[in-house]
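Peer 1: structure, please.
(chains A and B)
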Amino acid sequence: MSFFDVFKNNYSADIVRGIEKKLLKGRREKKITGLLLVVTLILDVLIIAMAKRPETLFNVVNYLKDFGRFVFLLFSEGWRQAIAKYTPDPAALLLYGSLLFLLFLLYRVFQGHLTKLSEEPFQYTFWIKPFKFTKSDLENTKTGILEEKLESVRELLHHDLKEKLSERIGRLSLLNISDFPADVDLSSHIQIEGYLTLREETTGSWVVHVMPHLRLGGNSEPFKLTNPVKRSLNIDQDRIKPEQYNQVVEWVYANVASEIYSLIKLNVQEKIRLFPNRFLKAIALRNEARDFAESNTIDAYELSIELYGEAKRYLKRSLRSIVASILNLNFTLYKRLYRSSLPWWLTGTRFYHLKAGINNGHALCKIYKADVSPFVGRESDPLFDLPEKLTKSLNYLLLIHNSLTTRRYRIDPDIFFQALLDVYDPPNEHKIDHLKSSLHNAYVNYPKDSWLRYLLLRPSKTAILRHKKIFFDSVVALAYVYSQLGSRYVSLKLMDWAGTMAPSWISKDHVYLLTKASLSTTIPGKIAVYSEALKINDKFEISQFLLARWRELSFRFKNELYWERAKGVIEDYQNTLKINPGNIAALASQGYLYWLTDKLDSATAKFKQGREVRTIIPQTYISEINYGLARIAVEKGQFNSCYDLFQEAVFFQPMVAAYANNYSLKQGQGVFYYDLIGSKMLERYRRFVDKYNDNLEYLKYCFRPHHIVDLKETSQYLYDELKAQKYEEKFFKVGAGGHSLGFLLEQKVTGERYQYDKCITAAIINFLNSFYKPSENSLESKPNYFAIRQKISQQVPGLAENITINRTNDDGEVFSPIVLKGVKSFVQNDYGNAWLNYFNRFGVPECCDNSIRAYQEAINADPENKAAHYNIAIAYQIKEKYTESYEHLNEARKIDRDWFQPVHDLARKSRIKTLEEEASRRQAVRDYQPESPDRKALSPENYGSRNK
Amino acid sequence: MEAGINSFRSDELKNDVFQLLMRSNFGTLLSHHKTVMTVFEDADFVADLDKFKSAAWDFEDVEIITSIVIFWTNNYPEIAPDNRKAIIDILREKFNLGSYDLMNILFLHEQEQGIEKNTSKRSIRSVMRPTVDYWRQIDPYNYLNIYEQFKVRDDFDEVEKEIWDMNPYKNSRRQIESAWYYYYIGRSFYNFNQFSQGELYVDMALEIAKTEPVMNNLKGLITLRKEDYNKAQKFFDLASHYAPNAAVYLSNAGLAYQNDKKYDLAIDRFLKAIEKESDGLKKAEYYNYAGITFYEQAEKEKYERAVSYYKEAIEHNSKVAIYYNNLGLAYQALEEYANSIVEFTKALELEDLEDKQAEYHNYIGVAYHSVQKYTEAIDAYKKANELDPKQSLYSRNMAIAYNQLQKRDLAVKYYEKAADKEENPVERAYDHNAIGLIYSDQFKDTEALKHYKIASELMPSIAVFYQNIGFSYRYLNAYDEAIDAYKKALNLTKKDKEKQAYYLNQIGLLLTSQNLFEESLKYFSKAVSKFSKHLYHNDYGKALLNTGKCTEAKKQFQKAVDLGPEISEYKRQLEELDC
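Peer 2: This is a model prediction of the structure:
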């Protein structure tokens, strides 16, 4: 394959792009032919002119010698002597000069042509064959029915996948290779096939299993498997719900797309090698990287970062970097040069523009990756190296700016960066105003140039516009980087400058809007700007998610915990999930919102969906999901699963169970369960603890059918008692749904119908337990019933001994003491977190006391709960009880030596002096100590005697 | 360990140098922190850190270094502060430009240095400001940001306006959260010494939560600072009424009473506070306060009580120099100098601050001085002077001691030093006066006169200096000038008859020495009428005799004899009279 083959021989690409492509190619060819024609013409004229003195053409060696001597004399004896001795032959000068000029022109045209070629991304074609259905060999009628239902899925799946792929990956076009002869070059074709099957998991549930595989190239190339997609199904349901189907499609798409990217990446690198020089390679790689990044998935960002890195390496070693280094050399002397009118922009513009473009793209990709990684539960890289690189390329851009614009609007790079970064000695207001007006006038007003610069290759307006674009992008990218690193101060300044430079662009620039949103200080402001950003790029996951996140925080801030209000926010998160079905954070948020509004089943569904992500992408962290599920498990009384989920969550990410004021805002990741907590949310946590207590209570006193040893005797007792207490009206009335308790008892006591034994037992147990079931009847409101139950349980043999702790729930789950204690610890820690965060917002000291109490209970229940130790330490710090705080921080660190947070806090908060003082105290402080007045002013050292 | 520093790498950073601090258990941290800190003193440390490329750093590395720097600042601000600041700058510039923690450290650093209007401090504020504004606007309810807002603003009026604009409870009903919100604003104002504004907000808080002891206490503190002691007493008493078990409020009430000079009530509160308090350190503090209250009453009996309370304080907390100091002072007041020296020596051992140490040395000197051990006293004063050379008192004390030892030259020298250092013109004038006195003793009247004049120029309203001027002029035989000086002194002492009599008498004497007897009679008679003293009667008698008024002279001599029967000369004079 030759270099031009990459573009030319792509048969399918021609089909897709049709005449347009051919036209483009034709125009380019015409251009070159025209140029060649002009060159030949000029040469003809020259040759005719020289024909009279043909020796000029052949005396090259003599001329060179003469020139050498001329130069020698120029330096040794001065220019007068030199000119006097060697007068240059004007005809020869003209000839060789025009030859050189022609060569240069040719080079430019060729280079321009190549550059244009390199700027087009490589095109690929793809085709998806209908997925094959492998029927399970089991003779099961139910699966048979379901398999029939899956047939419709199979038929639709590849069509939907085609649609998604061609819509979301711009460079892919459809091509059915079965229409082509076998000898067609298919090096840029992607063929996707796959299987669909129904499987029974070991747990007994049924899953749809989709296994796509794909290859790049012709028939001889091997296929590669992608991650399989599994989606659990309810075997009893009538049909596969559209929601479930959509999820399957999304997942298949995500897996196929990430595999396509990795294949294309290898292929791209191969093709890049075909470019003749490194500069062109760098351009091509930059364009590839930019194209990858537009897919907005974490894998694409990773690939993109890699390609940018490679582009940088090529650029660094390209020939152009030597030319550009003229500017680099001058850079050290810029203080003088930034005043000069020399056209420096000619030497390095292209190089530095490309470099800045690569740096910007690289930085943005890194940030996007860092932003996206918590959504999908993965690790991200630090961003510390970005400002340095961007500032460096910005420095060169400033230099180019100075040579492009007139003297009046030049910018001193020193002042530019001093204003940004120097905390101690910022330049005065006047200088900054000058800087801003320079930016504004140079790019918005396009001032008239001086006559001198007309002579000295004044840049065209297009050149200035091109520079404006890249300069603006760099400033905005740097602003975004700083805003991500938490330096609002610098970021705001850069945004200000970008605004003055191109006021009409800022409302359309995606990165600018993202930065503006992150810098915005109010929640409504943030929401507005993210919506604006989404208008520009509605497939951008980060803005979509952050919009939802801030809507949620606004919802919390308003303290209106109603389902009607939460619904809208859940919908917002759903939009994020449409872009990326694996967005763990969105799923967790949705689940949490459902939980807050007491919709436990929907919450469970969302969290479980989050857990499924892990089965598809194994490297995902899902601690938040597990933590949310643990809460629901507590409320449902499933303590065993709660214990497991909590342990799992805290093992991987202890911070999930830690107090977290502003932590998520600071780090852009992690938990956000307690952010902006208000009284209503606190109320919900109180309900959570109540439910837990109810469940526990229920466990303690619950009776089971096997506790009734003698049914007849028990019935007799109960019957007599109910009669004696005159409860006829309530218990002896026949309800619509069947027989009343009284009736059943009567039957049993009178001995008329014995076949109702089971029913009677159930009714008795139900009656006995009804007092203890949470949210049904509370003991306090029905003292009489309670008395009856007490009486009966004491009188009837078999019941009395079961009045104490039972530790099984309705489903017959048995809870060991460890589980019960672990769950208590989890609940109390969570409750404490809610209180502590409430305190951190409103400053009511009792709240802090409440949190300490809760944490202490959590620790008492489970001394190994590291999160509770950490949290109580924080609470003690607030109370200025340092010794206790240290003890607990140390305890947390001992339990988990890899958990860094307590170690940081230990180092940050330790005040050795205070500590030693505390240690020397005979008794520890127990009460809240408000500050006392300044001791110094009242001590007698001021009353010291003055002797004379 | 040093090798680890020289080849600075992210992993080694974790494993080598900071192992002790980060990974070891808390006991090791406590026992080894000083060793760890010495690492930072290395001059090349910062250069090595700077060389290290930012791309190789991890979030965790930055976190570790930031934690270390904060630990360092909090615990060992004296160790290599330049290195520390350099590291903060590197961290800030390369890694976390907007790090609020780091900026906060810089801010505290500047505050410690006392650079109030420094440009850098203003810049630090301007960097912190957007972050604080952000926190504040995202969650205006959050009380934690109120104090931060104060930190980043220069103008308190501006702060107040902003706080009021942003007040989330402006239109909402009264609730306990809003009371606390106002309380924290009040407390921030109090911390920045803006008492009137602080009081306003505390009042708002108290309106909602009247029975909150903490709020009552704050109100008390503010009124105490405004020196409205009655109010302060009321609010502290209210606070301790609502929280009867909290000793702090009782002790604060005691301080309010003490300031108001209601000593009995003050002592009552302190004793109650001691009773309620379980913490030894706090108890010691209250004992100390009680001791001070007794000491202030300045009676022998009370000094003894003060001694016993100070001893209690020391028993509860033997590590506070001020308690020993107070005890020493009380012993001095009781004139038990040996004991006081012992206590001051103990205080010296505990105190780190140099100017405080100087003070204790001075007290020791005073004690020796009082028992007339001047050489020892001078030694102590000298030490004090070395530690705090700006203080004039130590030089002056030294001068006094030298004077006692009859080393006049040295005495003059140290008085002069004291006068140079002294800023208070009264003290300076007295220093010059003392020098004059020493010269007068040596009959160097010209020199003496010079210093008396300086003194009188510095403080023209003090009669003594004119008296001394008059005295010197008399010995220089410049009678008119002397009379002028005495007349000036006379004008300045209109209420003090005894002094006036003295000056009138002196003028009379000066006139008699010029043989202006008739004129002198006027002054002598005035002197006698102002204040009856045998000397004046005698002088008057002599003058009368000189003018030939023998009978009247006899009367005066008789009075002189009556007032001073022990002086035989008067009797002789009276006997010799023959009229």
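Peer 1: from here on, contacts and neighbour counts on C-alpha atoms
Peer 2: Noted.
Peer 1: where does B:Pro460 land in three-state SS?
Peer 2: Using DSSP: H, G, I helix; E, B strand; the rest coil, the structure places B:Pro460 in coil.
Peer 1: okay, it: pLDDT?
Peer 2: Note for B:Pro460: predicted pLDDT of 87.
Peer 1: that one - how many residues pack around it?
Peer 2: Neighbours of B:Pro460 under the rule other Cα atoms under 10 Å in any protein chain shown: 18.
Peer 1: next one: B:Glu566
Peer 2: 10.
Peer 1: does it belong to a helix, a strand or coil?
Peer 2: Following three-state DSSP, we place B:Glu566 in the coil state.
Peer 1: for chain A, see how far away it is.
Peer 2: Using Cα to the nearest Cα, to the nearest Å, one obtains 33 Å as the distance from B:Glu566 to chain A.
Peer 1: look up phi and psi at that residue.
Peer 2: When read as degrees, to the nearest 10, the backbone of B:Glu566 gives phi -80, psi -20.
Peer 1: check A:Thr297 too.
Peer 2: phi -120, psi 160.
Peer 1: quick one: residues contacting it.
Peer 2: A:Thr297 makes contact with A:372, A:580, according to Cα atoms under 8 Å, 6 or more residues apart in numbering or on different chains.
Peer 1: mind telling me which residue of the stretch 151-300 of chain A is nearest chain B?
Peer 2: Proximity of the stretch 151-300 of chain A to chain B (Cα to the nearest Cα) peaks at A:Ile298, 19.7 Å away.
Peer 1: name the spans of the stretch 101-250 of chain B whose pLDDT lies under the cut-off.
Peer 2: Where the stretch 101-250 of chain B drops to pLDDT under 70, the residues are B:111-122, B:173.
Peer 1: residues of it that sit close to chain A?
Peer 2: Contact residues (Cα under 8 Å from any Cα of the partner chain) of the stretch 101-250 of chain B with chain A: B:119-121, B:123-124, B:126-131, B:133-135, B:137-139, B:141-144, B:176-177, B:180-181, B:214, B:217, B:221, B:246, B:248.
Peer 1: can you flag the buried ones in the residues you listed?
Peer 2: Buried by 16 or more other Cα atoms under 10 Å in any protein chain shown: B:120-121, B:123-124, B:127-131, B:133-135, B:137-139, B:141-144, B:177, B:180-181, B:214, B:217, B:221, B:246, B:248, out of these.
Peer 1: one step back: give me the nearest residue to the residue of the stretch 151-300 of chain A closest to chain B, chain neighbours excluded.
Peer 2: Leaving aside its chain neighbours, A:Ile298 sits nearest to A:Lys369 (5.9 Å; criterion: Cα to Cα, 6 or more residues apart in numbering or on different chains).
Peer 1: before we move on, what about B:Asp260?
Peer 2: Leaving aside its sequence neighbours, B:Asp260 sits nearest to B:Tyr229 (Cα to Cα, 6+ apart; 6.0 Å).
Peer 1: could you check the pLDDT of the closest residue to chain A within the stretch 401-550 of chain B?
Peer 2: The stretch 401-550 of chain B approaches chain A most closely through B:Ala401 (9.3 Å), counting by Cα to the nearest Cα. Looking at B:Ala401, its pLDDT stands at 87.
Peer 1: residues near it, how many?
Peer 2: By the criterion of other Cα under 10 Å, B:Ala401 has 26 neighbours.
Peer 1: show residues contacting the helix or strand containing it.
Peer 2: Using DSSP states H and E, the element containing B:Ala401 is helix B:392-404. With Cα under 8 Å, 6+ apart as the test, helix B:392-404 has contacts from A:946-948, B:362, B:366, B:369, B:374-375, B:377-378, B:381-382, B:384-385, B:408, B:410-415, B:417-422, B:431.
Peer 1: please pick the buried ones from those residues.
Peer 2: Neighbour counting with 16+ other Cα under 10 Å marks B:362, B:366, B:369, B:374-375, B:377-378, B:381-382, B:384-385, B:408, B:410-415, B:417-419, B:421-422, B:431 as buried within the contacts of helix B:392-404.
Peer 1: out of those, which are close to chain A?
Peer 2: Checking those against chain A (Cα under 8 Å from any Cα), the matches are B:Val366.
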